[in-house]
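[1] what would the 3D arrangement of this be:
(one chain, ligands or ions: 1)
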Amino acid sequence: MNAEKRNVMLEEIRSEPGYFEECLKRREELTGDFVKLFTSHRFRRIYFSGSGSPSHAGLVLKYAAEKLLNIEATYSYPMLFNNHEGLNVGGKYKPEEMVVICPAESGRSKGAVITARAAKAQGIPVVCTTLNPEGVLARECDVVIVKPSGNELALPSTKGHSTGIFLLLLCLVETAKALNTIDVEMYRAYMEGFEGLIQSCGAAVERTLEWFEGHKRMVMNAPFYRVIGYGANYGTALETALKFIETHKRLTMAYELEEFMHGPIRTVNPGDCIFFLCAEDGPEKERMKKLYEVVRKMTDNCVLVCGDSDGVENSMALTFPAVNREFLTAVEYLTPMQVLACEIGRHLGFDPTEGMNTWAKLAMEPSFSD
Ligand SMILES: O=P(O)(O)OC[C@H]1O[C@](O)(CO)[C@@H](O)[C@@H]1O
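    Numbers count the residues shown, from 1 in each chain. The predicted structure is shown next:
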């Protein structure tokens, strides 16, 4: 593999803070249509739809939408939704009271396009973020937000996914301000948080590279990985598992904090490598720390991923100057995990621009063409 290919994924992760900065600079232009749609309707129900990384974005954003806008929101895998659920199952809402949001990459995956088409047929507005404003999904949408991150050379998406979550969180916070569902203080705190991510995500990359250098032997000797998250960062855990398997092909499992106690905890063996995403404050964080202390008694290779302000003095901890603002953590805590995926893959000699079994994906036709 040549040096350029070797570095492509890391450089894409490194470019993320620059796109966050651009989103903030172009805030009005990028979020304006979204805010207008929400202020000109009285939405009572939001459906998030997306496959792969966009499914994890949907999971994060569902919690943010409910808390910031007080609107009921759901996410489920698009084909479960299309084949076994559907829009307005109970017949409670008028079309103009519902909205579908698709946090896409290429926007070609069939599931979200089918959901968008069903919504359009019923007069339900559809929003997407996408890299392709002319694509098959964008053509079904009332609001199309083009992510400034551009196409990725590495097949496991990183900068597009992080920029997409950043941008939709920005849309939700701007909408919350316009609808008065958050006060001025809270709005200001979120805006400071967004600004802070430029620095924290940049620092997370360099800290993780340093950490990996110091813990390479442990990480590379582990045959598989587990990652545990809570709240919206369960989406971060799922995205980590996807990024890990896409990049280095080693088995990786993701768990929601409390679910770990129901079966998985009984399967921990000495030497297992487990990442604990210890993000925003609250009772779940304390419970995560307790779990970490308990699991450390079974394996030495427990890695607490947390902010500097947590004051954790443990050489195994992977720490960085996190902002730790609720929901924004789903952007900043993903950065170290993207870097780890990339570094493990590099050490195993995988080229991130080459996929395995491409023929199999093509045979299954999961996407439309544009
Ligand atoms: O159809 P979209 O918008 O590209 O979304 C699916 C994305 O998720 C992935 O399956 C996983 O990252 C990507 O390959 C793909 O880009």
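[2] okay, strands next: where are they in the stretch 201-350 of the chain?
    Secondary structure of the stretch 201-350 of the chain by DSSP state E, counting those that start in this stretch: the strands cover 225-229, 252-256, 273-277, 302-307, 318-320.
[3] which among those strands is found nearest to the ligand?
    With respect to the ligand, and counting by C-beta to the nearest ligand atom, the nearest of those is strand 252-256 at 14.0 Å. In this view, the C-beta of every residue, glycine as well, is placed from N, C-alpha and C.
[4] re earlier: which of the strands of the stretch 201-350 of the chain is buried the deepest?
    Burial of the strands of the stretch 201-350 of the chain is given as mean neighbour count (mean count of other C-beta atoms under 10 Å); strand 225-229 ranks first at a mean of 27.
[5] thinking again about what came up before, turn the strands of the stretch 201-350 of the chain into JSON lines, columns for distance to the ligand.
    What follows is these, written out as JSON lines (distance: least, C-beta to the nearest ligand atom, whole Å):
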{"stretch": "strand 225-229", "distance to the ligand": "16"}
{"stretch": "strand 252-256", "distance to the ligand": "14"}
{"stretch": "strand 273-277", "distance to the ligand": "19"}
{"stretch": "strand 302-307", "distance to the ligand": "21"}
{"stretch": "strand 318-320", "distance to the ligand": "23"}
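[6] now mean pLDDT too, for those, in TSV please.
    Rendered in TSV, the data for the strands of the stretch 201-350 of the chain read as follows (pLDDT from 0 to 100):
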stretch	mean pLDDT
strand 225-229	98
strand 252-256	98
strand 273-277	98
strand 302-307	98
strand 318-320	98
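[7] next, format these as JSON lines and append distance to Glu97.
    As requested, those are exported to JSON lines (distance: least, C-beta to C-beta, whole Å):
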{"stretch": "strand 225-229", "distance to Glu97": "32"}
{"stretch": "strand 252-256", "distance to Glu97": "30"}
{"stretch": "strand 273-277", "distance to Glu97": "35"}
{"stretch": "strand 302-307", "distance to Glu97": "39"}
{"stretch": "strand 318-320", "distance to Glu97": "41"}
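[8] ok, the residue of the stretch 1-150 of the chain found nearest the ligand to His41 distance?
    Checking the stretch 1-150 of the chain residue by residue against the ligand with C-beta to the nearest ligand atom singles out Gly52 as nearest, at 2.4 Å. Distance from Gly52 to His41, counting by C-beta to C-beta, to the nearest Å: 29 Å.
[9] so for these two, which residue has more residues nearby?
    Counting neighbours by other C-beta atoms under 10 Å for Gly52 and for His41 shows that Gly52 has the greater number, 18 against 13.
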